[in-house]
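K.L.:
pasting the structure only:
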């Protein structure tokens, strides 16, 4: 198996909220909107973590604001 060239950094939910200046409820809304394609979290001990690389890819796929 080939090693990944991307180092996976897992961000806890609180860091994701801070990254986008949103609330935890907004994350839940984003996850329930398939068209938004927000990355799915990884669940560890009933806590949500996001792969930072997935978030960066998602950010790049979003339309730029005017």
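P.N.:
Perfect, thanks for sending it. From a predicted model like this one, the values you see are computed outputs, not experimental measurements. Numbering: from 1, shown residues only.
K.L.:
following the helix or strand that residue 28 is a member of, which helix or strand shows up next?
P.N.:
Residue 28 is part of helix 24-31, with elements assigned from DSSP states H and E. The helix or strand immediately downstream of helix 24-31 is strand 42-44, counting by DSSP H and E.
K.L.:
the residue lying closest to residue 38 once chain neighbours are set aside and residue 24, how far apart?
P.N.:
Using C-beta to C-beta, 6 or more residues apart in numbering and skipping the chain neighbours, the partner closest in space to residue 38 is residue 30 (4.1 Å). For glycine as for every other residue, the C-beta is placed from the backbone atoms N, C-alpha and C. Residue 30 sits 11 Å away from residue 24, going by C-beta to C-beta, to the nearest Å.
K.L.:
between those two, which one's more packed in?
P.N.:
More neighbours surround residue 30 than the other of residue 30 and residue 24, with 16 against 11 (other C-beta atoms under 10 Å).
K.L.:
for the more buried one, give its distance to residue 65.
P.N.:
Distance of residue 30 to residue 65, computed by C-beta to C-beta: 17 Å.
K.L.:
how about residue 24?
P.N.:
When residue 24 is compared with residue 65 (using C-beta to C-beta), they lie 23 Å apart.
K.L.:
show me the shaky parts of the protein.
P.N.:
1-7, 66 (pLDDT under 70).
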